[in-house]
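Undergrad: After the sequence you'll find the predicted model.
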Amino acid sequence: MNKNLKKFLTGMAVLSALVISSSLYSCASKEYKEFTELLENENYTEAADYFLKNKDEIEDENLTDIVKESVDKILEYYINDKMNSENTLINLSVLLSIDAEGVSEYIDEQMTFVSELENSKLNYKTAESYYEEKRYDLAIEYYRNVIEKDPNYQIVQKKIEQTLKEYKTSIINEAELYMENENFNNAINSLNSAMDKFDDKKELQAKLDECEKKYKEKLFSDAEEYASNGDYKNAVNYLDNHVKEFSDSKDIKNKINEYNEQYENAMIEESLTDTNEFIKNGDYYNALEAIHEIENEYPDNKKLQELKESTENTYLDNLIPLIDEYIENKKYSDAYSVCNNALNLIPDSDELKKRFEIIEPLKPVLLSEIKISECEFFEQLSDHASSFEDVVGNRYNPGNLYRLHLYHDGWGGNEDGYAKIYLNAQYTKLKGTIAVDDESETGNCIVSIYGDDQILFSGTFDRTSPPQDIELDVTGKQWLEFTIAYPTEDTYGYKSEILFANMGLEK
């Protein structure tokens, strides 16, 4: 289209609009004219008051546009710093009272914009202040709060880029200074605290990896000093106190596990002194008992489990032939006692279970399975959390274990132990072990066993007496009685405790 023609048409359109506007204005009421003049002269409070008083005469289809023009003028002043935010918001609030169609929503939007822009300006000012102080992390935070509508927005984007660059340099320099002084923890914290400010974290991550590597080297070196002196506990505690400071701590945790295992092995070696002596002397039963006690404290220790397994195998290699020999010679009481005790230590042994199935129907009746008809100071020891020891160091399992007690205080306080058991002529042999309890005091006592008032066994015991195995003929006997007494020349002054272990009656 011809340029001159285009200008002519445009000019005509503008002229037409002015003519129409002038025509409409000439038709407007006197009140409308006065109202618009007040707005044009920026007398917003008077205009609002005048509108409220003359609302019915002012109604006009152009009212909304006229009020919006005033709103836009106020905003233009604010943006160009010709009006501060406080007066801007006051003037906009005044115009809110003019309830022209669509004006309220428009004014609310502009008031929100002013508040946001004012906050944005404050963020920019605060960011600049922090930047001058070289507090780059805070400067970045406030720069990023500047909104797009802020005239400073484009400047801020370049500021953020420059600040990030300077911030990264300062953080890396700070971390290197900490590392030179071996203050690795502060270096790591400084790098980690800055990491989320950057999209490109490669340099920071590389420095963090370097720092953590050197830090770990120092930690491992310090911990090894403890470990080299056998102080594994402090080596573990030292590493454990620092493990949370690393993004990847697998190697530290592995080293802690290694020291823990070494600490356990050292403690176990110390605890195994008696156990190794038992093994050396071929006493695998007591060796296994000792291992079980240590196992309660260190249930997952590999070295202890290996020792337990090898000791069990050696014990069974020696024990199985003995049990087979007892079975072959019909010594079922001995076979039962040995096999039952072994199963208490090795309950999963198929070899022991198989032999126990053979012995079970032929086993003797245990004293613990028979009713004690009458007794004094004769107690069953059934605390399965304990084992009981005699004066020469043998230990006995609770359950089929009894203690017979004797004490005279010289003032008529006599504690003579005894026990009576009804046999009903059903048994042929009584077998078991008599031993002096380690609770016994120095002095002699006489232990006797009767069958229907006929003495079957009598022996003198003191703290130098070894255990004595017995095998007594009780064929046809109705009653069995255990007694304990002082020799005639000793009537009081010491306590005697006698153990009856593994007592069984064969039919």
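TA: Structure received.
Undergrad: Which stretches in the stretch 301-450 of the chain count as strands?
TA: Counting by DSSP state E, counting those that start in this stretch, one finds strands in the stretch 301-450 of the chain at the ranges 365-366, 372-376, 378-380, 388-389, 395-396, 401-408, 414-416, 418-422, 429-436, 445-451.
Undergrad: These: which one's closest to residue 243?
TA: For the strands of the stretch 301-450 of the chain, proximity to residue 243 was assessed by Cβ to Cβ; strand 395-396 is nearest, at 43.5 Å. Bear in mind the C-beta positions are built from the backbone N, C-alpha and C, glycine included.
Undergrad: who touches the closest one?
TA: With contact meaning Cβ atoms under 8 Å, 6 or more residues apart in numbering, strand 395-396 is reached by 286, 289, 381, 387, 388, 389, 390, 435, 499, 501, 502.
Undergrad: Give me the sheet partners of it and which way each runs.
TA: If you go by DSSP bridges, strand 395-396 pairs up with strand 388-389 (antiparallel).
Undergrad: mind checking how far the partner strand is from the chain centre?
TA: 40 Å (Cα atoms, centre = their mean, to the nearest Å).
Undergrad: Just give me the least confident of the contacts of strand 395-396.
TA: Lowest pLDDT of these: residue 387, 72.
Undergrad: which ones are touching that residue?
TA: 289, 395, 396, 397, 398.
Undergrad: top of those residues by neighbour count?
TA: residue 396 (21 neighbours; other Cβ atoms under 10 Å).
Undergrad: Return the distance of it relative to residue 435.
TA: Counting by Cβ to Cβ, to the nearest Å, the separation of residue 396 from residue 435 is 7 Å.
Undergrad: Need the overlap of contacts for the two.
TA: Contacts common to residue 396 and residue 435, judged by Cβ under 8 Å, 6+ apart, are 390, 499, 501.
Undergrad: With neighbour count as added columns, please give the residues you listed in JSON lines.
TA: JSON lines is the format used below for these (neighbours: other Cβ atoms under 10 Å):
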{"residue": "390", "neighbour count": "24"}
{"residue": "499", "neighbour count": "26"}
{"residue": "501", "neighbour count": "22"}
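Undergrad: Just name the closest of those to residue 473, please.
TA: residue 501 (20.1 Å).
Undergrad: That closest one belongs to a strand, doesn't it?
TA: Yes: counting by DSSP: H, G, I helix; E, B strand; the rest coil, residue 501 falls inside a strand.
Undergrad: Throw the contacts of residue 387 into TSV and include distance to residue 366, thanks.
TA: As requested, the contacts of residue 387 are arranged in TSV below (distance: Cβ to Cβ, whole Å):
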residue	distance to residue 366
289	21
395	19
396	13
397	12
398	13
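Undergrad: I'd like to know which of those residues is nearest to residue 159.
TA: The shortest gap between residue 159 and any of those belongs to residue 289, at 78.0 Å (Cβ to Cβ).
Undergrad: check which helix or strand covers the closest one.
TA: Element membership for residue 289, per DSSP states H and E: helix 284-297.
Undergrad: Distance from the chain centre to that helix, please.
TA: 30 Å.
Undergrad: Can you point out the buried residues in that helix?
TA: Residues of helix 284-297 classed as buried by neighbour count (16 or more other Cβ atoms under 10 Å): 284, 285, 286, 287, 288, 289, 290, 291, 294, 295.
Undergrad: swap in stretch 357-372?
TA: Burial within stretch 357-372, assessed by neighbour count using 16+ other Cβ under 10 Å, is assigned to 359, 363, 364, 365, 366, 367, 368, 370, 372.
Undergrad: Give me the distance between the first one and residue 327.
TA: Pointing back at residue 359 there. Here the criterion is Cβ to Cβ. By it, residue 359 lies 7 Å from residue 327.
Undergrad: Quickly list what's touching both of the two.
TA: Shared contacts of residue 359 and residue 327 (Cβ under 8 Å, 6+ apart): residue 335.
Undergrad: Please work out which residues outside stretch 411-427 touch it.
TA: 365, 367, 370-378, 402, 404-408, 451, 474-485, 498, 505-507.
Undergrad: Heading C-terminal from the longest helix anywhere in the chain, find the next helix or strand.
TA: For the chain, the helix that runs over the most residues, judged by DSSP state H, is helix 103-132. Per DSSP H and E, the first helix or strand lying C-terminal to helix 103-132 is helix 136-143.
Undergrad: Return the alpha-carbon coordinates of that next one using CSV.
TA: Extracted C-alpha coordinates of helix 136-143, given in CSV (Å, rounded to 0.1, in the frame of the first residue of the first chain):
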residue,chain,number,x,y,z
TYR,A,136,28.2,-14.1,47.5
ASP,A,137,25.9,-16.9,48.7
LEU,A,138,23.4,-14.4,50.2
ALA,A,139,23.9,-12.0,47.2
ILE,A,140,22.9,-14.8,44.8
GLU,A,141,19.9,-15.7,46.9
TYR,A,142,18.6,-12.1,46.8
TYR,A,143,19.5,-11.6,43.1
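Undergrad: Next secondary structure element downstream of it?
TA: helix 153-180.
Undergrad: That next one versus helix 103-132: what angle between them?
TA: Helix 153-180 and helix 103-132 are oriented at 40 degrees to each other (axes from the mean of the first three to the mean of the last three Cα atoms, to 10 degrees).
Undergrad: Counting neighbours, which bits of the helix or strand that helix 153-180 is followed by end up buried?
TA: Next in sequence after helix 153-180, counting helices and strands by DSSP H and E, comes helix 184-195. By 16+ other Cβ under 10 Å, the buried positions in helix 184-195 come out as 184, 187, 188, 190, 191, 194.
Undergrad: isn't the fifth one right up against residue 171?
TA: Yep, that's residue 191 we're talking about. Yes: checked against Cβ atoms under 8 Å, the pair residue 191 and residue 171 is within contact range at 6.4 Å.
Undergrad: Common neighbours of the two, please.
TA: Contacts common to residue 191 and residue 171, judged by Cβ under 8 Å, 6+ apart, are residue 204.
Undergrad: mind checking which helix or strand of this structure has the lowest mean pLDDT?
TA: helix 3-27 (a mean of 38; mean pLDDT, DSSP states H and E).
Undergrad: Quick check: buried residues in the next helix or strand after it?
TA: Heading C-terminal from helix 3-27, the first helix or strand you meet, by DSSP H and E, is helix 30-40. Within helix 30-40, the residues scored as buried using 16+ other Cβ under 10 Å are 31, 32, 35, 36, 38, 39.
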